[in-house]
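Asks: Have a look at this prediction, sequence included:
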Amino acid sequence: MTDRSWSRRELLKSAGAGALALAAGAVIHERMSTYIVGTDSDAGVTAASSVSDTDPLRIDLRAHTPWQLVRGTFSSARVESLTSRDDVAFVQPDRWLETASDPSDDGGDDGDEDDDGEEDDDGGEDDDGGEDDGRTVPWGTARIGAKTVIEDGRRADGVDIGIIDSGIDATHPDLEDAVAPPTDEDAHKAWVKCRGGDCEHPWSDDGGHGTHVAGTAAGASRSDGTLSVAPGATLHALKVCGGLGRCRTSAVAKAVRYAADQGWDVVNLSLGSPQESPALQAAGEYALEAGVMLVAAAGNRGRADSVGYPAAYDEYLGVSATTIDDGIAGFSSRGPGVDIAAPGADICAPVPGGYDTLDGTSMAAPHVAGAAAHAIGDGASAAETRVALLETAEDLGLEETEQGAGLVDVAALLGEEHDGGTGDGVSCPAGLPD
């Protein structure tokens, strides 16, 4: 990994394992908790699996890294014993992550894990730059130059974007032609159950968050609805979060590996935790070596040195959120883990059954994912795209810990210019078109 800042002892401390030792022949009765063990040997896998109180789950990352992850249930004494092994790099709790958007967004139950697996009005124009139509151009899509390049006929056809989130509503008119065919059994996957709402597929969105994120990144090019950043790209739902936006670390790690194994180009993670997660760093290393562009929301803690994980890791491009006035959003996390900024306040996008305006670095990240899709569709590799995104970002005059390299600029990324307009501002359709 490129920035392995953790250590076995630090992870042990974070797990609350204490300084217990296994006494020979002793019977220790204590509460069991779920952990992820990171090891670079088969013997480490065997050791972790043999002492798990539940059936262990292995996440094999050896195709691109030295690592294997084992999710199991262990006592603190067993955690201590595993941590003492030279072939075990870390033992971390399989903690909950959360989606990084307005917490007032409601949804259904979180479900259970499935181990199987204001404000300029530019008006709306059609994709050829012609006459006005009924489409809403969200301010963020226009501000980063996506509207300009789309009007010039630039699309992201052939690019695959994995949305690691709460699922996607494949029936939404803005998304139905952008989502990979539901009949393709490898195109989508769920690690939690869909509960409530319209659960037509296991990976359907029962919270709305994933649909909003997907609709910003890449939606169908239509004469009504909302304009996404990268029309033409194909969306893949990787459902790891329940309706309330909680997501297990192990599920996220599995989803990152799955996207990499499918050969998809860009992965968006609008979720995170304030606590370090070497398991997600290992999964990120795997995907990065496989040629995947990883984009992650910085978090919504609204203060200095508060960028969450996995965004803070070098393997992921950490995204902060800006306002329509080019300021840093008050809720946005700041710190050295911010690589780039994107619109994240008052963002209109599709949700199941209609549209909604949400705030969060969750909303900022898919602007960058969509920009990356344009570059990759234009022939750049994931590594080249990351460099180009940072080199062409617009300096807003904010602190580097707030904006990173600056505001993502799709037009500059593709060698074009734009006026920095804000489309239809914060307007949002009242409901689905007739």
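Replies: Good, I have the coordinates.
Asks: Name the residue closest to the centre of the protein, please.
Replies: Taking CA atoms, centre = their mean as the criterion, Leu269 is the residue nearest the geometric centre of the chain, at 0.5 Å.
Asks: isn't that one right next to Ile161, touching?
Replies: No. Leu269 is beyond contact range of Ile161, at 11.6 Å (criterion: CB atoms under 8 Å). From N, CA and C alone the C-beta is placed, and that goes for glycine too.
Asks: rewinding a little: who's the residue nearest to the centre of the chain bridged to?
Replies: In this entry, Leu269 is beta-bridged to Ile164, Ala296, by DSSP bridges.
Asks: Please state the offset of stretch 230-248 from the chain centre?
Replies: Its chain's average C-alpha position is 8 Å from that of stretch 230-248, according to CA atoms, centre = their mean, to the nearest Å.
Asks: likewise stretch 392-408?
Replies: On CA atoms, centre = their mean, the centre of stretch 392-408 falls 20 Å from the chain's centre.
Asks: Stretch 281-294 too?
Replies: Chain-centre distance of stretch 281-294: 13 Å, with CA atoms, centre = their mean.
Asks: before we move on, what about stretch 359-370?
Replies: In terms of CA atoms, centre = their mean, the centre of stretch 359-370 is found 9 Å from the chain centre.
Asks: Does Ala47 lie in a helix or a strand, and which?
Replies: Secondary structure assignment for Ala47, by DSSP states H and E: helix 42-50.
Asks: How about residues contacting the helix or strand just after that helix?
Replies: Sequence order places strand 57-60 as the next helix or strand after helix 42-50, per DSSP H and E. Strand 57-60 has contacts (CB atoms under 8 Å, 6 or more residues apart in numbering) with 45, 49, 68-72, 115, 250, 253-254, 257, 283.
Asks: again, only this time at 6 Å
Replies: Outside of strand 57-60, the residues within contact range by CB atoms under 6 Å, 6 or more residues apart in numbering are Gln68, Leu69, Val70, Arg71, Asp115, Ala253, Lys254.
Asks: just stretch 256-264 next, same as before
Replies: With CB under 6 Å, 6+ apart as the test, stretch 256-264 has contacts from Asp160, Gly162, Lys189, Val267, Ala283, Tyr286, Ala287, Ala290, Val292.
Asks: Now do that stretch: distance to the chain's middle.
Replies: 13 Å.
Asks: same question, stretch 367-376
Replies: The chain centroid and the centroid of stretch 367-376 are separated by 13 Å under CA atoms, centre = their mean.
Asks: tell me the mean pLDDT for that stretch?
Replies: Mean pLDDT, stretch 367-376: 98.
Asks: do stretch 299-316 as well
Replies: For stretch 299-316, the per-residue pLDDT averages 98.
Asks: which stretches of this protein have low pLDDT?
Replies: Within the chain, the ranges that satisfy pLDDT under 70 run 1-30, 102-133, 197, 221, 434.
Asks: Mind doing that once more with 90?
Replies: Scanning the chain with the threshold set as pLDDT under 90 gives 1-32, 100-135, 196-198, 220-225, 430-434.
Asks: so what's Thr357 up against?
Replies: Thr357 is in contact with Asp346, Cys348, Cys428, counting by CB under 6 Å, 6+ apart.
Asks: what about the first one, how many neighbours?
Replies: Read it as Asp346. A count of nearby residues for Asp346, using other CB atoms under 10 Å, gives 21.
Asks: go on, the last one?
Replies: Around Cys428 there are 18 other residues, counting by other CB under 10 Å.
Asks: Next, the contact list for it, please.
Replies: Cys348, Tyr355, Thr357.
Asks: Can you tell me the closest non-neighbouring residue to it?
Replies: Cys348 (3.6 Å; CB to CB, 6 or more residues apart in numbering).
Asks: and the one you found, that one's in a helix?
Replies: No. Per DSSP: H, G, I helix; E, B strand; the rest coil, Cys348 lies outside any helix segment and is strand.
Asks: Enumerate every residue touching it.
Replies: Going by CB under 6 Å, 6+ apart, Cys348 touches Pro138, Tyr355, Thr357, Cys428.
Asks: State the pair within the contacts of strand 57-60 that is farthest apart.
Replies: The most widely separated members of the contacts of strand 57-60 are Gln68 and Asp115, with 15.7 Å between them, by CB to CB.
Asks: Which helix runs longest in this structure?
Replies: If you go by DSSP state H, the chain has its longest helix at helix 361-377.
Asks: Show residues contacting the helix or strand following it.
Replies: Next in sequence after helix 361-377, counting helices and strands by DSSP H and E, comes helix 382-392. Applying CB under 6 Å, 6+ apart, the external contacts of helix 382-392 come out as Gly291, Val292, Met293, Ala372, Ala375, Ile376, Ala405, Asp409, Ala412, Leu413.
Asks: May I see the buried residues of helix 382-392?
Replies: Ala382, Thr385, Arg386, Ala388, Leu389, Thr392 (16 or more other CB atoms under 10 Å).
Asks: Show me which residues of the helix or strand that that helix is followed by are buried.
Replies: Sequence-wise, the next helix or strand downstream of helix 382-392 (DSSP H and E) is helix 400-403. Neighbour-count burial for helix 400-403, counted by 16+ other CB under 10 Å, picks out Thr401, Glu402, Gln403.
Asks: need the helices for the stretch 101-250 of the chain, in chain order.
Replies: Secondary structure of the stretch 101-250 of the chain, counting by DSSP state H, counting those that start in this stretch: helices at 139-143, 146-151, 209-217, 249-261.
Asks: what separates the second one from the chain centre, distance-wise?
Replies: The offset between the C-alpha centroid of helix 146-151 and the centroid of the whole chain comes to 24 Å, using CA atoms, centre = their mean.
Asks: sorry, back to before: now render the contacts of Thr357 as CSV, adding distance to Thr323.
Replies: Shown next, in CSV, are the contacts of Thr357 (distance: CB to CB, whole Å):
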residue, distance to Thr323
Asp346, 8
Cys348, 14
Cys428, 16
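Asks: Out of these, the closest to Lys239 would be?
Replies: Here the nearest of the contacts of Thr357 to Lys239, counting by CB to CB, is Cys348; it sits at 23.2 Å.
Asks: Could you list everything that closest one pairs with in the sheet?
Replies: Bridge pairing for Cys348 - DSSP bridges - gives Thr357.
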